[in-house]
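Chemist: using only what follows, build the 3D model:
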Amino acid sequence: MLVSATSIHRRDPLPGVFDLESSKAGLPGLIWSKLMYANGSAYVGNIKYSIFSEPLELFAGLSNIFTSIHSPPTGWRTFYVYANESKPIGLTTPHSGFIPIGAQTTGFKKVKELFLLDRGTGKGPEGRWKACPVPENIEQGTWGIYWDGGKKGLGKECIKVELKVGEIKKC
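Modeler: Here you go, the predicted model:
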């Protein structure tokens, strides 16, 4: 009997509504480790205190979607990464079903509380998340969250992090 690498890992279903929290190791001075949405991507750190940021709360489904408080309730955005490239987390334009060419919106899994991506390579779910510092003149004490799937990888200033799934219970 053949067993695929993906079946070896215990997978829990993603909660209906969830958020993500970054590990803190290697991120000096990080106070706020929950992922925040701003300008079409995800961040951790002091960006929490910026008027244009908000908690990144995702609704699980075939794709994971996000609705910004800065747009109408129907202004959902789809969460994606470029699985074979090293780029920041992306969210589509509100009200748009357009997924950028090469972006992956499915395959995200919860394995032992960690948010992982199964790229369909046979290696099973992976966590290639990194936090890269945002220039201090733009937002002090803030890191952008990236998927590091490219062959060259990200620079040494970017730190490997784990993303932990947290369930959100709404009243």
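
Chemist: so where's this structure shaky on pLDDT?
Modeler: Counting by pLDDT under 70, the chain has low-confidence residues at 1-12, 73-74, 137, 170-171.

Chemist: list the single closest residue to the residue nearest the centre of it in space, sequence neighbours excluded.
Modeler: In the chain, the C-alpha nearest the mean C-alpha coordinate belongs to Ile89, at 5.6 Å (Cα atoms, centre = their mean). Excluding its sequence neighbours, the residue lying closest to Ile89 (Cβ to Cβ, 6 or more residues apart in numbering) is Ala42, at 4.3 Å. Placement of C-beta: from N, CA and C, glycine included.

Chemist: packing partners of the strand or helix carrying the one you found?
Modeler: Under the criterion of DSSP states H and E, Ala42 resides in strand 41-45. On a contact count with 3 or more Cβ pairs under 8 Å, 6 or more residues apart in numbering; DSSP states H and E, strand 41-45 meets strand 36-38, strand 90-91, strand 142-148.

Chemist: partners of it in the sheet?
Modeler: strand 36-38 (antiparallel), strand 142-148 (antiparallel) (DSSP bridges).

Chemist: quick one: which of the ones you listed is nearest Tyr82?
Modeler: Tyr82 sits nearest to strand 142-148 of all the strands paired with strand 41-45, at 6.7 Å, using Cβ to Cβ.

Chemist: how far out from the middle of the chain is the closest one?
Modeler: Chain-centre distance of strand 142-148: 8 Å, with Cα atoms, centre = their mean, to the nearest Å.

Chemist: after it, which helix or strand is next?
Modeler: Beyond strand 142-148 toward the C-terminal end (DSSP H and E), the next one is strand 159-160.

Chemist: what about the residue nearest to Ile89, how many residues nearby?
Modeler: As a burial measure, Ala42 scores 27 neighbours (other Cβ atoms under 10 Å).

Chemist: that one against Tyr146, yeah?
Modeler: No. The criterion here is Cβ atoms under 8 Å, and Ala42 misses it with Tyr146 at 9.1 Å.

Chemist: would you mind grabbing the residues shared as contacts by the two?
Modeler: Residues touching both Ala42 and Tyr146 (Cβ atoms under 8 Å, 6 or more residues apart in numbering) are 88-89.

Chemist: ok, now which ones touch Trp143?
Modeler: By Cβ under 8 Å, 6+ apart, the contact list for Trp143 reads 22, 27, 30, 43-45, 131-134, 159.

Chemist: would you list the strands paired with strand 41-45 in TSV and tack on distance to Phe115?
Modeler: Below are the strands paired with strand 41-45 laid out as TSV (distance: least, Cβ to Cβ, whole Å):
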stretch	distance to Phe115
strand 36-38	15
strand 142-148	11
